[in-house]
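J.: need a structure here:
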Amino acid sequence: MSAVISDKARPDPEASEPQAAQIVGNGVSPIAMDSDPAETQEWLEAFEYVLRREGGERAIYLLERLKEKAFRAGVPFASAATTQYVNTIPPEKEPPYPGDRALERRIKSLIRWNALAMVVRANRESAGIGGHISTFASAATLYEVGFNHFFRGKHGTESPDFVYIQGHASPGIYARAYLEGRIDEKHLENFRRELAPGGGLSSYPHPWLMPDFWEFPTVSMGLGPIMAIYQARFNQYLADRGIRPEARHSKVWCFLGDGECDEPETLGAITLAGREKLDNLIFVINCNLQRLDGPVRGNGKIIQELEGAFRGAGWNVIKVIWGTDWDPLLARDTEGLLARRMMEVVDGQYQKYTVMPGNYIRKHFFGADPRLEALVADLTDEQIRRLKRGGHDPVKVYAAYKAAVEHRGSPTVILAKTIKGYGLGEAGEGRNITHQQKKLNEEELREFRRRFDIPIAEDRVAEAPFYRPPEDSPEIRYLRERRQALGGPVPQRRQPMMKLKPPKWEDFSEFFAGSEGREVSTTMAFVRLLVRLMRDKNIGRYVVPIVPDESRTFGMEALFRQFGIYSHVGQLYEPVDSDTVLYYHEARDGQILEEGITEAGSMSSFIAAGTAHSTHGVNMIPFFIYYSMFGLQRIGDLIWAAGDMRCRGFLMGGTAGRTTLAGEGLQHQDGNSHLFALAYPTLRAYDPCFAYEMSVIVLDGIRRMYYEEEDIFYYITLMNENYDMPILPMGSTEGICRGMYPLSTRDLGKDRPVVNLMGSGAILREALRAQDILDQKFAVSSRVYSVTSWKALMEDARAVERANRLHPQEPPKPAYLRQVLDGVDGPFVAASDYVSAVPLALAKWIPGRYTVLGTDGFGRSEARRELRRFFEVDAEHITFAGLASLADEGRFPKEKLPAVLEELGLDPETPPPWTR
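T.: Got it, this is the predicted structure:
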């Protein structure tokens, strides 16, 4: 660690870094001091003897026994999960490099130039358009070795790979696609200007915007890693269930940055990958030691930190820290001084070395010990400056990748040390400002051109022109030959190969017939429907139930034995409830994904299943059932990614609504999710009250997504409140799917005033009760409309309004909402179990006075009746809102309203619920 600096002193740039004795207390190198070198040498010689005579297994056994002995004696370990700060794979174990290194360097240099030119030119044309140069500059070798030798495409004989590309590296991926001929120069010119003539390129990997190119949206930090983990596990799921046996052979590559590892989602699920032994998963962490503002771990070592985290989680860890230039130095250092020095220096100082000349490095790194200084006595200052980090050395990267793909029994993480902005020189190589670098001046462009030998004419350098060699050039031929050998281009989305035959509605008639006097919840009805779908001969095996440790809460325990909980290793124990009918049954071919307490992980499984139509060419039907409060509010970023990926499936928000979940209180009572749902373009949001509504929505959704192949997905709220379920009204299915239909009418005669009541979900029954009160106590007629989707009504109304506006010469068409309400008079009262902003979204298109009641405010631990009174969405408040609206229109005596309040038991002096 760095030396302590008093607030009166300033650091001396010429001072040496703190020596080992000074930094031991800070935990970087607790073994840096050797009090008895002779004894140390004896131990090392003894170990070498065992290694030479009896092999590695015996050596490992002895080391473990020593650790055990030390532990029992109370001797603390310096580090139980980290190794020296050197490459994991020694030079003598490196395989021969199979490619033409000179040609690959030429190709990589051209890609670097075009990526840089793309961003520079974009910002000249449109100031502030943005883009990132430095990330790909640091990771170019990491990607190019993969593209040339490892990443399998979708058109080969082997199962294709899944490559999660670090979002900020997108310019480099576009630049390679340009050389491959997949995109043209006009696309590069229009980087970050997708609406420009000739077409453009999205800023980051976005499948929605580039559906034939990108597969996985990764630029929202941390989402790529967690999605990659669950994608790798889902590949095993498809293989173990016999749906896609070849999927087990696909590798999932996830590229990310060391700074990104601070996001909880990045490391939050790595133990899953370890315990599931996902050896089809490879993380490549670009450790350029730098975040946006400064070092990732200025006073520590991020590579060591990550090694400990991943090794502790059961991963195979491969460190690629030093380039080939360092091998002779390490080999000559028989005392291990260089390795210890490498361990002593903290990341912040390593970043300093990247911007300083060779004489500085000689003095401050090697000069810490005369013996180290002697190691580099025959090197010039320029040679010292050019000592390469491992992530920029194709030989080291290839060796790591080959070891990773051949490893069995656990996932692999490759920690590759690089320099952010590598090759940018004074413009930003290794500097704190490099992440924001968008522009280079003419001299900087010339230096880049010279360093990477770009064949651009001297008088054109300032233009930053794109460069693509001729079709018959060695570079283009080599690049295409390598991709052809590996199965075609990467990234590329696959089109679905198989539609699913939707279920016949007549086979599900029991879900439209009502509960015949039995009180059930929509959650219970859904579980019955889910079981029926899983038994369907056409689609049953493609249904994927996903639950975050709430199966019993939702009454799903009956599914355990029938369908099994998926486990790649099966069930290695006898469950404690094995003597019961509904015991906890894990199986290798289990159909249920029981994810534990992780909504983010469950959503990642949902995404993996819901995008199988593009990744595996097979339609899977995920149902993710969870506490509604912990969905759009908690994992909205992943839900947004699902939309970006053209995901299909059903999000089932259980125990939904602010007042339906009795007793739980502020955090668990969901009054927000349908408001959040308005923002997601491809999400269809429904709030059904009755079992037949829910069933119609699910069956129609299966038809739309898996037969019509619409790139949409559904959010459907479910309640845990039990009540009698009525039968499906004739002619209501269209209205259920489109968002609204007339449910009940009380006509007390032409001379009686009329109130229109609109209710959804948990509060629809309060609207029906309000209808009874209006009839029996106040002789007021009413109509009750069931609103199954406020969002569907709003989107349809906006679409029709837009079409009418843009076609002024055509007769205007009515929105569906206006069709349902055609000829209806009287005021309207809308009530839902969600914030009032949800039904207020329809205000513009309601043909009359419109009053909205919603559950604005914090929840309370109470029973349902009291909660609905508190939030003013119960039948009495709905009744009074209707009468007050009639009074405003002169259809009900205003002077009677105070007495009505008293009769209904309402206190007009109560503060608004959102203020309490």
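J.: poorly predicted segments of the protein, please.
T.: Low-confidence segments of the chain (pLDDT under 70): 1-33, 78-80, 425-440, 496, 581.
J.: quick one, what contacts the spatially most central residue of the chain?
T.: Geometric centre of the chain, nearest residue: Leu223, 2.9 Å, by Cα atoms, centre = their mean. Remark: with contacts taken as Cβ atoms under 8 Å, 6 or more residues apart in numbering, Leu223 is in contact with 217, 265, 637-638, 641. Where you see a C-beta, it was placed from the backbone N, CA and C, and this is true even at glycine.
J.: for Ala368, see how far away it is.
T.: 42 Å (Cβ to Cβ, to the nearest Å).
J.: same deal with Tyr566?
T.: As judged by Cβ to Cβ, Tyr566 and Ala368 stand 54 Å apart.
J.: looking at those two, which one has more neighbours?
T.: When neighbours are counted by other Cβ atoms under 10 Å, Tyr566 and Ala368 differ, and Tyr566 comes out ahead with 25 against 20.
J.: the more buried one contacts His585, doesn't it?
T.: No - under the criterion of Cβ atoms under 8 Å, Tyr566 makes no contact with His585, lying 10.7 Å away.
J.: now for those two: what residues contact both?
T.: Residues touching both Tyr566 and His585 by Cβ under 8 Å, 6+ apart: none at all.
J.: how about the secondary structure of Val284?
T.: At Val284 the chain is in strand, as set by DSSP: H, G, I helix; E, B strand; the rest coil.
J.: what's around it, how many residues?
T.: Considering only other Cβ under 10 Å, Val284 is surrounded by 29 other residues.
J.: cool, the one 3 residues further on as well?
T.: Other residues within reach of Cys287, judged by other Cβ under 10 Å, total 30.
J.: ditto for Phe606
T.: 30.
J.: what of Asp212?
T.: Residue crowding around Asp212 was assessed by other Cβ under 10 Å; the count is 11.
J.: can you tell me which residues contact it?
T.: With Cβ under 8 Å, 6+ apart, Asp212 has these contacts: 492-493.
J.: which element is it on?
T.: Per DSSP states H and E: Asp212 is located in neither a helix nor a strand.
J.: now swap in Met343 and tell me
T.: Using DSSP H and E, Met343 falls within helix 337-344.
J.: got the buried residues for that helix?
T.: The neighbour-count check on helix 337-344 (16 or more other Cβ atoms under 10 Å) flags 337-338, 340-344 as buried.
J.: now do stretch 510-524
T.: Applying 16+ other Cβ under 10 Å to stretch 510-524 flags 511-512, 514-515, 520-524 as buried.
J.: select from those every entry located in strands.
T.: Residues of these located in strands (DSSP state E): Val520.
J.: and which of the buried residues of stretch 510-524 is nearest His132?
T.: The shortest approach to His132 among those belongs to Thr523, at 45.7 Å (Cβ to Cβ).
J.: residue contacts, the closest residue in space to that closest one that isn't next to it in sequence?
T.: Closest residue to Thr523 apart from its sequence neighbours, by Cβ to Cβ, 6 or more residues apart in numbering: Leu718 at 4.4 Å. Counting by Cβ under 8 Å, 6+ apart, Leu718 touches 521-523, 526, 554, 625, 628, 652-656, 694.
J.: how about JSON lines for the residues you listed, with secondary structure added?
T.: Shown next, in JSON lines, are the contacts of Leu718 (three-state DSSP):
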{"residue": "Ser521", "secondary structure": "coil"}
{"residue": "Thr522", "secondary structure": "helix"}
{"residue": "Thr523", "secondary structure": "helix"}
{"residue": "Phe526", "secondary structure": "helix"}
{"residue": "Phe554", "secondary structure": "coil"}
{"residue": "Ile625", "secondary structure": "strand"}
{"residue": "Ser628", "secondary structure": "helix"}
{"residue": "Met652", "secondary structure": "strand"}
{"residue": "Gly653", "secondary structure": "strand"}
{"residue": "Gly654", "secondary structure": "strand"}
{"residue": "Thr655", "secondary structure": "coil"}
{"residue": "Ala656", "secondary structure": "coil"}
{"residue": "Met694", "secondary structure": "helix"}
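J.: mind checking which of these are buried?
T.: Among the contacts of Leu718, those classed as buried by 16+ other Cβ under 10 Å are 521-523, 526, 554, 625, 628, 652-656, 694.
J.: closest to Phe283 among the residues you listed?
T.: Lowest distance from Phe283 to these (Cβ to Cβ) belongs to Ile625, with 29.6 Å.
J.: any idea how far that closest one lies from Val544?
T.: Distance of Ile625 to Val544, computed by Cβ to Cβ: 11 Å.
J.: run a quick neighbour tally on Gly631.
T.: Count around Gly631 with other Cβ under 10 Å applied: 28.
J.: that one contacts His674, doesn't it?
T.: No - if you go by Cβ under 8 Å, Gly631 and His674 don't touch, sitting 10.9 Å apart.
J.: so what sits against both of those two?
T.: Common contacts of Gly631 and His674 (Cβ under 8 Å, 6+ apart): none found.
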